[in-house]
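> When you get a sec, could you give me coordinates for this:
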Amino acid sequence: MKHWRKYIERNRWSISKILNTSFFLMITVPILLVTLYSVRSLNSILLNNTTSQAMQTLEQQSDGFDSKARMIINTVSAIANDDQVISTSAAIHKNDGASSQFDLRRALDKQLNNYFHYTPDVASVLFFYKDQGSYAYKRNMDVDVAGLRRMDWYEDTEKRKNKVHLMGIQESASSIPDGGYYFTVAVSPKYSTLFYNVEMIYCVFRSSDFMERLDVSGGGGGDIYVVGPEGQVMASNDDQALHEGMGNYEYLQPALSGAKGSYVKTVNNVQSYVIYTTSDLGWKYVKVVPYEQIINQVKSVFGKIILFSVGGLIVFLIASYWLVRSIVNPIIRLFKGMTYIKSGNLKTQLEASGPLEIYVLGHAFNEMVANMDRLFAEAKEQEDQKRLAEIRALQSQINPHFLLNTLNTIKLMATISKSENIQKMTDALTKLLSSTFNRGGMYATVGEEISLLDDYIRIMKIRYGDLFDIHYDVDPEIGQAYILKLLLQPIIENAIIHGLHERETRGNISVFGEWGDGCCRFTIEDDGVGIREEELPFLLERRVKSKESFSGLGLRNVQERIRLNYGEAYGLEITSVWGEGTSVLVVLPLLWEAPHTKEKGERE
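Here you go, the predicted structure:
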């Protein structure tokens, strides 16, 4: 499993390759399999239908041929049992008078015409007499009468009186222009030769009607054989079979020995389909069709199915390719855009396209890049402002060691001179300056910040006189929380100089501190002269640097300091009523540990 995962990691596919492969495996392959299965099934169905049609055609041909043969059998049998026909034909042979011969022949012709009125195919009827003579109805055939008497069928027919014997289609005599073949039937009348010397009636019919009934042109082509019970060829469109019989057709033996069915056999190196059935007369009807002709229809349908399947598959592949491109190309452009951003080009913009989700993603990407560019510009501007503030701070900075050493010297001199007020003021100023110079870090606890406020208040009371009181109401639990040093001092200073200093009576400053919801909140209230309402919106927008101030930082500077270090969610909120006083709310994050970073904007 590990090796497989490593292989996947090394050989990751592109999304287009994954989609194309997925389309091929999940859709194209099943379509091909279903098509092949459908073609095979349809091939089997069509082949069965075709063979079934061929069998039905053969049975129809056998029924037509049999009906024609039965009609002839019934007619010939009726003639053999008609004593008038027999007596008239016998009288013709016995009577030598020309006049009587003419009348007898006319009478016989009339009698036979009554029997053969339904068909024009009668070529001739020969009456064979006991004393070797013969008489021909309609046409005197140029045949060897003595030769006919010596044939096997003649002897067999004579033995079976009144039994019609069909010899089938034979080669015609030159006197019968019937396309080369005729159909012969014979019967031996059962009348006693003592009264009638007619030994055999031999009927000759034109074969055209029989061959039409065996026409194979509409049944898929091929050869057809009608074989009698004794194996003799009754009819066929194969001249060789008519001349030589069925001796050379070994491949037809299963058909000749069976009742009904079909099989495939190779005939003269050609795969052929053999269909056979047995009629009510006991004749075998055998049809041999080249297998190619049977499946021509199947091949045609097969070709159309393959053509439509391939065409549909090509259309599907083209549509799939277009679909994959419409999905993949926007993703590729998005990927390239991310690469440009990675290299630092924040001016990259994409042309949103593709499906709805990718289109929205493209717009979101453009907005994200624009916001990133704006934020980077704002960050750069803030950094520039910080550096400018550092430069200004450096320009006004006094050597802290020199100043602190000087103050310590003044404190020592005040101690020696026993000037307690000077000593306290110098000590308070030293602590404030030490905090200003970031000794001990940029953060102080709330308790330390309150202590620094006390030192600052002590200095201000000595400087301006004891004209105000300050009150603290700070939750003891936040005494160990950390805030930026000297964050509250500029607010107290602003309250003294701009609020209480102009008051004629004693003033009050209140400092409240509480925490909750992850925030630390301080409220500094004074009952000074207040701020005019129209000045409030601009109070945090202007820089104020009073000559009387300790740090030179106004309320705007405090606001910027909070925002730079804590974020836009924190800062000052000022409310004031002219003539009544001012309240400043300071919202800071609650920090139980001092961050280890320097204040943003401070120098190393």
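
> What score does residue 366 have for pLDDT?
Looking at residue 366, its pLDDT stands at 82.

> Contacts only, for the closest residue to residue 15 other than its chain neighbours.
Closest residue to residue 15 apart from its sequence neighbours, by Cβ to Cβ, 6 or more residues apart in numbering: residue 328 at 5.5 Å. Every C-beta, even on glycine, is put in place using the N, C-alpha and C of the backbone. Neighbouring residues of residue 328 by Cβ atoms under 8 Å, 6 or more residues apart in numbering: 14-16, 19.

> one more time with 7 Å
Neighbour list for residue 328: 15-16, 19 [criterion: Cβ atoms under 7 Å, 6 or more residues apart in numbering].

> I'd like the residues you listed written out as a markdown table, with pLDDT, distance to residue 53 and secondary structure added.
Below are the contacts of residue 328 laid out as a markdown table (pLDDT from 0 to 100; distance: Cβ to Cβ, whole Å; DSSP: H, G, I helix; E, B strand; the rest coil):
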| residue | pLDDT | distance to residue 53 | secondary structure |
| --- | --- | --- | --- |
| 15 | 72 | 54 | helix |
| 16 | 71 | 52 | helix |
| 19 | 75 | 48 | helix |
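
> PyMOL command for the buried members of the residues you listed?
A single PyMOL command selects the buried members of the contacts of residue 328 (16 or more other Cβ atoms under 10 Å):
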select buried, resi 16+19
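
> Nearest to residue 230, out of the contacts of residue 328: which one, please.
Nearest to residue 230 among those, counting by Cβ to Cβ, is residue 19 at 75.2 Å.

> Phi and psi next, for residue 126.
phi -110, psi 130 (degrees, to the nearest 10).

> Bridged to it, which residues?
Beta-bridge pairing for residue 126 (DSSP bridges): residue 136, residue 202.

> what about dumping the CA coordinates of stretch 358-365 to PDB?
Written as PDB, here are the backbone C-alpha positions of stretch 358-365 (Å, rounded to 0.1, in the frame of the first residue of the first chain):
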ATOM      1  CA  ILE A 358     -16.300  27.800 -11.600                       C
ATOM      2  CA  TYR A 359     -17.600  31.100 -13.000                       C
ATOM      3  CA  VAL A 360     -18.400  32.200  -9.400                       C
ATOM      4  CA  LEU A 361     -15.100  30.900  -8.200                       C
ATOM      5  CA  GLY A 362     -13.300  33.000 -10.900                       C
ATOM      6  CA  HIS A 363     -15.100  36.100  -9.700                       C
ATOM      7  CA  ALA A 364     -14.300  35.300  -6.100                       C
ATOM      8  CA  PHE A 365     -10.600  34.800  -7.100                       C
END
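
> pLDDT on stretch 537-556, on average?
58.

> Which neighbouring elements make contact with the longest helix along the chain?
For the chain, the longest helix by residue count, based on DSSP state H, is helix 29-80. Helix 29-80 makes packing contacts with helix 98-115, strand 181-187, strand 198-206, helix 208-213, strand 270-278, strand 284-290, helix 296-342 when contacts are defined by 3 or more Cβ pairs under 7 Å, 6 or more residues apart in numbering; DSSP states H and E.

> Of all the ones you listed, which one is nearest residue 85?
Nearest to residue 85, of these and by Cβ to Cβ, is helix 98-115 at 5.1 Å.

> any idea how far residue 332 is from residue 189?
Distance from residue 189 to residue 332, counting by Cβ to Cβ, to the nearest Å: 103 Å.

> can you check residue 319 too?
Using Cβ to Cβ, residue 319 is found at 20 Å from residue 332.

> Now do the helices in the stretch 501-604 of the chain.
Taking DSSP state H, counting those that start in this stretch as the criterion, the stretch 501-604 of the chain carries its helices at 555-566.

> Can you list the low-confidence ranges for it?
For the stretch 501-604 of the chain, the stretches with pLDDT under 70 are 541-553, 596-604.

> now with 90?
Within the stretch 501-604 of the chain, the set of residues satisfying pLDDT under 90 comprises 501-506, 528-568, 578-580, 592-604.

> Looking at the helices and strands packed on helix 29-80, spot the one closest to residue 449.
helix 296-342 (43.6 Å).

> Quick check: next helix or strand after the closest one?
Next helix or strand after helix 296-342 toward the C-terminus (DSSP states H and E): helix 356-395.

> what's the offset of that following helix from the middle of its chain?
Distance of helix 356-395 from the chain centroid (Cα atoms, centre = their mean, to the nearest Å) equals 44 Å.

> Any buried residues in it, and which?
For helix 356-395, the neighbour count (16+ other Cβ under 10 Å) marks 358, 361-362, 365-366, 369, 386, 389 as buried.

> now for it, which elements pack on it?
When contacts are defined as 3+ Cβ pairs under 7 Å, 6+ apart, helix 356-395 packs onto helix 296-342.

> what separates residue 51 from residue 147, distance-wise?
For residue 51 relative to residue 147 (Cβ to Cβ), the value is 44 Å.

> neighbour-wise, which of the two wins?
Using other Cβ atoms under 10 Å, the more surrounded residue of residue 51 and residue 147 is residue 51, with 16 against 9.

> what helix or strand does the spatially closest residue to the more buried one that is not a sequence neighbour sit in?
Using Cβ to Cβ, 6+ apart and skipping residues adjacent in sequence, the residue nearest residue 51 is residue 262, 6.0 Å away. Element membership of residue 262 [criterion: DSSP H and E] is strand 261-267.

> Run me through the strand neighbours of that strand, direction for each.
According to DSSP bridges, strand 261-267 has these partners: strand 270-278 (antiparallel).

> Just the residues contacting the partner strand, thanks.
Residues contacting strand 270-278 (Cβ under 7 Å, 6+ apart): 51, 54-55, 58-59, 62, 252, 255, 258-265, 284-291, 294.

> Using PDB, write out every CA atom in it.
Output in PDB follows, covering the C-alpha atoms of strand 270-278 (Å, rounded to 0.1, in the frame of the first residue of the first chain):
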ATOM      1  CA  VAL A 270     -18.900 -22.700 -49.800                       C
ATOM      2  CA  GLN A 271     -20.600 -22.800 -46.400                       C
ATOM      3  CA  SER A 272     -24.300 -23.500 -47.100                       C
ATOM      4  CA  TYR A 273     -27.500 -23.700 -45.100                       C
ATOM      5  CA  VAL A 274     -29.600 -26.900 -45.800                       C
ATOM      6  CA  ILE A 275     -33.300 -26.700 -45.000                       C
ATOM      7  CA  TYR A 276     -35.600 -29.700 -45.500                       C
ATOM      8  CA  THR A 277     -39.200 -30.800 -44.800                       C
ATOM      9  CA  THR A 278     -41.500 -33.700 -45.700                       C
END
